[in-house]
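Visitor: got a structure for you, letters missing:
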């Protein structure tokens, strides 16, 4: 439960900041999926350190965890892109609301993946040997 709370704190801080940047750059004229791609890369980069060190207290091999982290975020990015494509491009909903909802959906997906795949202590112990 403590990991979920910490994940929420890290996630809220990062996602609030990058969502505001997303709103700003789409207001200035950048297309929604391009803006999402840009802020996703920035948020992913910042989130690795916070999640590895503070949320999950991972002590295993950081290079292996980083590779798994990138793979997890690639899946998260594709989910986010698909959500935008379906709900904005196909169904015509406002991108601002769709992206806000997508952040929540992707965050839930990533928590599970981070906990059981990226920063899993069993994986970390095997890497130490």
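Guide: On my side now, so go ahead. Remember, it's a predicted structure, so these values are computed and weren't measured experimentally.

Visitor: low-confidence ranges, the chain, go.
Guide: 121-129 (pLDDT under 70).

Visitor: do you have the strands of it handy? List them.
Guide: Counting by DSSP state E, the chain forms no strands at all.

Visitor: which residue, other than its chain neighbours, is closest to residue 58?
Guide: residue 119 (4.1 Å; CB to CB, 6 or more residues apart in numbering). Just so you know, the C-beta spots here come from the backbone N, C-alpha and C atoms, and that holds for glycine as well.

Visitor: how many neighbouring residues does the one you found have?
Guide: Neighbours of residue 119 under the rule other CB atoms under 10 Å: 24.

Visitor: dihedrals phi and psi, it?
Guide: Backbone geometry at residue 119, expressed as degrees, to the nearest 10, gives phi -110, psi 30.

Visitor: again with residue 94
Guide: phi -70, psi 130.

Visitor: what about it, neighbour count?
Guide: Neighbour tally, residue 94, other CB under 10 Å: 11.

Visitor: tell me who's in contact with it.
Guide: residue 88 (CB atoms under 8 Å, 6 or more residues apart in numbering).

Visitor: please apply the same query to the one 5 residues further on.
Guide: Taking CB under 8 Å, 6+ apart as the definition of contact, the neighbours of residue 99 are 19, 22, 32, 36, 80, 84.
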